[in-house]
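Compute the structure for the input listed below.
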Amino acid sequence: MQLDMQDPAQHFLVPSNPTHRRYEALRCLFVERTPLPEAARRFGYAPGSLRNLRSAFLQHPDQPFFLPDPRGRRKPPPGPDRDQRILALRSERDLSAAEIAQHLSAHEQLPVSATTVSRVLHRHGVPKLWRRTADQLAQRALPTPAPVADRRLLDLAPRRFRTDFGGLFLFAADLARLGLDSLLARHHLPSSSMLPAGCAVRSLLALKLWGIGRPSRVMPETLDQGLALFAGLNAVPKRSSLTEYSCRTDPRHGPALMDAFHHAIRTLEPPLGLGQSFDLDFHTIPFHGHDALIERHYVSKRSRRQKGILAFLARDADSRLFAWADASLRKADQNAAILRFAEAWKDRTGQYPAELVFDSRLTTYAYLARLDQLGIDFLTLRRRSPKLVNELLAAPASQWRQVTLSNVGRIYRTPRILNSTVRLRGYPQPIRQIAVTDLGHEKPTLLLTNQMDCPVAPLIDRYARRMVIENTIADAIDFFHMDALSAAVPLRVDFDVQLTLMASSLYRLLGLRVGEGFATAKARTIFDKLVRATGHIEITATEIVVSLGRRANNPLLLAAGYADLREPLPWLDNRTLRLRFF
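Now for the predicted structure:
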């Protein structure tokens, strides 16, 4: 209300705010003894409202009248203008109540709920919209265009922003220590000024580390600045770039790259991949298309053969780390895959592996003889024919003896064994066979080994630990999405499997440093309890400060020394990474 300052008395007689009006109305009642209806009419109150004010004052007569309201002056409710905008958006653009509410709140500074919009439309007799199909909704979507990924446009100006991928930076220091960019450059991975090899591989690794199964699922995250900063780009590459990157990767460089990565991972603390005993297994990555060039392989989880790409995996038994993989096998080569691994390991470390443990489907007796000639100890299963089982069951009880196991976490710790040597077709000399019963199976278990003098109990314990590789493969399928085929071309799938091995190694390092049971935990458990954290990133002239949100397990990361981390990141102009926990 505009006051006439030529008459200063109006400043006192005409209330200019709710507190002044309440004071004058109560003064009129108690000092001038004006009847309540007349006082209510004079000051614009309903009689009932003024009666309530009088009662409240009598209960608390010492209330302050001349202090400002700490809540500030309330904004008057939107009037006809808001209602007209709601009706206009419905008639002009045919928007739903939720879409109208979102538009008014985001673009016209008229905060309103979808319920209020529905009431306004109902009050004006506007009918509800028909339910729209997914295609119709997709056509109406107005997505925010994401920028093109370009290393040259990376902005490291000082600023602060929020990210959903704060936990990714727990791995950034290890990637810097590994010298990932120089590794990729030495092994000739595809690179350009817009998308250097290091940025492309970090983008793909980020998907693996965050449990995003396919490159197509990165699209909702392309606007996250933290994910782009982790990769060293202005924006995350789109689906097409990530999916097709492996098309430009020369598969001949893959084994050398993995050897270099393995050597680099062994230099970090705690060291990984120093063991000499390996668990081996095949895994069929199912293919559900109609490509005639894809062969049929046995899929253990379905107990049948179907089209798929065969991958050979070797796991370090001591560190539980995938040390080697090959997804370029054909059916004709699968029996010789174990020798390929032995030769590749010798090329990598200068010596053959000391011990290999695998099941009966991995290779043939002829290749077992080749392993024996190379001086490699092996432990495997023998397939049980009905005739062989009957012969074992018919053996005199005096030939069986009882042993005590130490590492089998179940009730069957005292099985009976029958130790003997047998001859096999394709194996030129006698081989040791250990029949084991009372392990909870109906039929005896048959172990074959060329370790002729090793005690029986450690061999049984060792093969029992080999079963953990199946759990590790299941973890790679569950979290790293190893079964999510990137193509029907095995050489392209091989590159994706190598990325899985890299991501698995980084998770194993994190688990070993934290301890407290995380050293043997699955990757998904480590992700849920330690890695999946939002954060705020502050870029300064010399640092990248990542402040991770409050998590129940943050004290474990503090105890592991992550708060003391100071590591320059070469792909971010050597600015020092620092992690903070709240």
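
three-state assignment of V545?
strand (DSSP: H, G, I helix; E, B strand; the rest coil).

can you offset everything so residue one is 882?
Fine by me, first position is 882 from now on; the one you just mentioned is V1426.

Return the distance of it relative to I1093.
As judged by CB to CB, to the nearest Å, V1426 and I1093 stand 25 Å apart. C-beta coordinates here come from the backbone N, C-alpha and C atoms, glycine included.

what do you get for D1342?
As judged by CB to CB, D1342 and I1093 stand 38 Å apart.

Could you do R1177 as well?
Here the distance between R1177 and I1093 works out to 29 Å (CB to CB).

neighbour-wise, which of those two wins?
Applying other CB atoms under 10 Å to R1177 and I1093 shows that I1093 carries more neighbours, namely 17 against 14.

what's the burial count for R1282?
Neighbours of R1282 (other CB under 10 Å): 11.

List the residues that contact it.
Contact analysis of R1282 by CB atoms under 8 Å, 6 or more residues apart in numbering lists 1297-1298, 1300.

What residue spans form the domains of the chain?
Domain assignment for the chain, taken from automatic domain parsing, gives 882-955, 961-1021, 1415-1462.

related to what we said a few turns ago, would you mind listing which of the contacts of R1282 are buried?
Among the contacts of R1282, those buried by neighbour count (16 or more other CB atoms under 10 Å) are 1297-1298, 1300.

what mean pLDDT would you report for stretch 938-948?
If you average the pLDDT over stretch 938-948, you get 73.

for stretch 1442-1453, same thing?
Rounded mean pLDDT across stretch 1442-1453 is 94.

Tell me the spacing between the closest residue to R923 other than its chain neighbours and E919.
Nearest in space to R923, with sequence neighbours left out and distances taken as CB to CB, 6 or more residues apart in numbering, is C909 at 6.8 Å. Using CB to CB, we find C909 at a distance of 8 Å from E919.

These two: which is more packed in?
Set C909 next to E919 and count neighbours by other CB under 10 Å: C909 wins out with 19 against 12.

Under a three-state scheme, what state does the more buried one occupy?
Assigned by three-state DSSP, the conformation of C909 is helix.

tell me the contacts of it?
C909 touches 915, 920, 923-924, counting by CB under 8 Å, 6+ apart.

how does it look with 7 Å?
Contact analysis of C909 by CB atoms under 7 Å, 6 or more residues apart in numbering lists 915, 920, 923.

Quick one: the helices in the stretch 1282-1431 of the chain, in order.
Under the criterion DSSP state H, counting those that start in this stretch, the stretch 1282-1431 of the chain contains helices at 1337-1347, 1349-1359, 1371-1395, 1404-1407.

out of those helices, deepest packed?
Most buried of the helices of the stretch 1282-1431 of the chain, by mean neighbour count (mean count of other CB atoms under 10 Å): helix 1371-1395, with a mean of 23.

Tell me how far that one lies from the chain's centre.
13 Å (CA atoms, centre = their mean, to the nearest Å).

Then stretch 1438-1455?
That offset, for stretch 1438-1455, works out to 20 Å (CA atoms, centre = their mean).

That stretch: end-to-end distance?
End-to-end distance for stretch 1438-1455: 24 Å, by CA to CA, to the nearest Å.

What of stretch 988-999?
From its first residue to its last, stretch 988-999 covers 19 Å (CA to CA).

quick one on the thing from earlier: which among the domains of the chain is found nearest to M1139?
Among the domains of the chain, the nearest to M1139 by CB to CB is domain 1415-1462 (21.1 Å).

end to end, how far does that closest one reach?
For domain 1415-1462, the first-to-last residue distance is 11 Å (CA to CA).

Give me the residue at the spatial middle of this protein.
Against the mean C-alpha coordinate of the chain, by CA atoms, centre = their mean, the closest residue is W1091 at 2.2 Å.

can you tell me which residues contact that one?
Contacts of W1091 by CB under 7 Å, 6+ apart are 1046, 1049.

For V1238, give its distance to M1348.
V1238 is 10 Å from M1348, by CB to CB.

For the two, work out which one has more neighbours and name it.
V1238 (25 against 12).

circling back to that earlier point, out of the buried ones among the contacts of R1282, which sit inside strands?
Residues of these located in strands (DSSP state E): 1297-1298, 1300.

and which of the residues you listed is nearest D1045?
Scanning these for proximity to D1045, where the rule is CB to CB, the winner is I1298, at 54.8 Å.

need the contact list for L985.
Contact analysis of L985 by CB under 7 Å, 6+ apart lists 966, 991, 993.

Within the helices and strands, which one has it?
Secondary structure assignment for L985, by DSSP states H and E: helix 978-988.

next structured bit after the lowest-mean-pLDDT helix or strand in the chain?
Sorting the helices and strands of the chain by mean pLDDT, DSSP states H and E puts helix 1015-1021 at the bottom, at a mean of 65. The helix or strand immediately downstream of helix 1015-1021 is strand 1040-1044, counting by DSSP H and E.

Lovely, talk soon.
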